[in-house]
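> Following is a predicted model, sequence given first.
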Amino acid sequence: MQKMILIIGACGQIGTELTLALREKFGNDRVVASDIREGNESLMASGPFEILDATNYQAIENVIMHYEINEVYLMAAMLSATAEKFPMRAWDLNMNSLFNVLNLAKDKKISKVFWPSSIAVFGPNTPKEDTPQHTIMEPSTVYGISKQSGERWCSYYFKKYGVDVRSVRYPGLISWKTLPGGGTTDYAIDIYHNALAGKKFTCFLGEQTKLPMMYMDDAIRATIDIMESDAENIKERSSYNLAAMSFTPAEIAQSIQKHIPDFEIDYEPDFRQAIADSWPSSIDDTEAQKDWKWKAQFTLEQTTVEMLENLKN
Ligand code: AKB
């Protein structure tokens, strides 16, 4: 069977780069991008695109039938900070989109699903450092509750119906191609834009708030690697811990100051501080390393060089 991929939520921060990477790997015509709105030029110009609402089961099924899709990457979601403002809309989008795709797989309309989870599945009672794969979770945010519930449903659909669903718990993702929207870790991207514009940066998290983070190239590689791995390697059907680096706002500012010495930062924590405080500081991803040979490549220093170079151009 020829691989035909559908990406739902293709115009977001991860979706844009994932679409381009999958098109490069499998061919432009094999990867159908879709979103509720149009995306950036390189994404729109490089292959098929459909306007698609992730909560509309029938519309997704129509696209799947039309293009003879067999793999779906569901990237549409409302992130942590926005979800605190619109709890019911977040629950509706994050859960119904997942059920739509899991049910299409259960009914054998598609054969493989990728669904992103997050470090937000953990909560204030979780061990903060080197958070293990299996531990206390108890998320205290709307987004975290939706991601933890989603993980349980993925595991259930795998066990009960044999649905081949694969997932990773993304940390905060740092990228330059597409801006994120509505996340608690977004400061780690805004800071580079401000530094290059010669502006002082006011961080919405406190100076010592350490969170797990990852450069987008690593995240895209993890996503494609887990999907391309043989099914018997995927032992965890809820979602895998994934780690690369952890840093505080003060540490990312210092790494920028090595390149832009007069860059300045100050701190005005807002409601996002409570979200960040409920999440781990660092993650143990031994299981992913063992099962499908995952290993991060980018450190904070390398990420800073990549971000400054690419945003400058
Ligand atoms: C967010 O901040 O909401 C996301 C995440 C950690 O899942 N980047």
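Right, received. Where do you want to start?
> alpha carbons only for contacts and neighbour counts from here, please
Fine.
> tell me which element residue 246 falls in.
Using DSSP states H and E, residue 246 maps to strand 245-247.
> now that strand: how far from the chain's centre is it?
16 Å (C-alpha atoms, centre = their mean, to the nearest Å).
> Give the next helix or strand downstream of that strand.
In N-to-C order, the element after strand 245-247 by DSSP H and E is helix 249-257.
> average pLDDT across that next one?
In this model, helix 249-257 carries a mean pLDDT of 98.
> Please apply the same query to stretch 135-144.
The pLDDT scores in stretch 135-144 average 98.
> ends of that stretch, how far apart?
15 Å (C-alpha to C-alpha, to the nearest Å).
> Is there proximity between the strand holding residue 246 and the ligand?
No - for strand 245-247, no contact with the ligand is found by C-alpha under 6 Å from any ligand atom; the gap never falls below 12.2 Å.
> neighbouring contacts of stretch 87-107?
With contact meaning C-alpha atoms under 8 Å, 6 or more residues apart in numbering, stretch 87-107 is reached by 54-57, 60-61, 72, 74, 76-79, 83, 110-113, 115, 142-143, 146-147, 150, 154, 157, 161-165.
> Quick check on these: which are buried?
54-55, 57, 60-61, 72, 74, 76-79, 83, 110-113, 115, 142-143, 146-147, 150, 154, 157, 163-165 (16 or more other C-alpha atoms under 10 Å).
> ok, the closest residue to residue 31 other than its chain neighbours to residue 112 distance?
Excluding its sequence neighbours, the residue lying closest to residue 31 (C-alpha to C-alpha, 6 or more residues apart in numbering) is residue 5, at 4.8 Å. From residue 5 over to residue 112 the distance is 10 Å, taken as C-alpha to C-alpha.
> The lowest-mean-pLDDT helix or strand in the chain: which residues count as buried?
Here the helix or strand of the chain ranked lowest by mean pLDDT, DSSP states H and E is helix 41-46, holding a mean of 94. In terms of neighbour count (16+ other C-alpha under 10 Å), helix 41-46 has its buried residues at 43-44, 46.
> Which of those sits closest to residue 287?
Nearest to residue 287 among the buried residues of helix 41-46: residue 43, at 33.2 Å, using C-alpha to C-alpha.
> Get me the contact residues on the chain for the ligand.
Residues of the chain lying near the ligand by C-alpha under 6 Å from any ligand atom: 79-80, 118-120, 171-172, 183-185.
> Helix, strand, or coil at residue 7?
Following DSSP: H, G, I helix; E, B strand; the rest coil, residue 7 is assigned to strand.
> any idea of the pLDDT on it?
At residue 7, pLDDT is 98.
> residues in contact with it?
Residue 7 touches 15, 19, 31-34, 72-75, counting by C-alpha under 8 Å, 6+ apart.
> Tell me the bridge partners for it.
When bridges are called by DSSP bridges, residue 7 pairs up with residue 33, residue 73.
> gap between it and residue 36?
Counting by C-alpha to C-alpha, the separation of residue 7 from residue 36 is 12 Å.
> thinking again about what came up before, could you name every residue contacting both of residue 5 and residue 112?
Residues touching both residue 5 and residue 112 (C-alpha under 8 Å, 6+ apart): 70-72.
> of all the contacts of residue 7, which two lie farthest apart?
Taking C-alpha to C-alpha, no two of the contacts of residue 7 sit farther apart than 31 and 75, at 14.0 Å.
> burial count for whichever residue of the stretch 1-150 of the chain sits closest to the ligand?
Nearest to the ligand, among the residues of the stretch 1-150 of the chain, is residue 80, at 3.8 Å (C-alpha to the nearest ligand atom). By other C-alpha atoms under 10 Å, the residues close to residue 80 number 24.
> all strands of the stretch 101-250 of the chain, in order?
112-114, 117-118, 165-166, 168-170, 172-174, 201-203, 211-215, 240-241, 245-247 (DSSP state E, counting those that start in this stretch).
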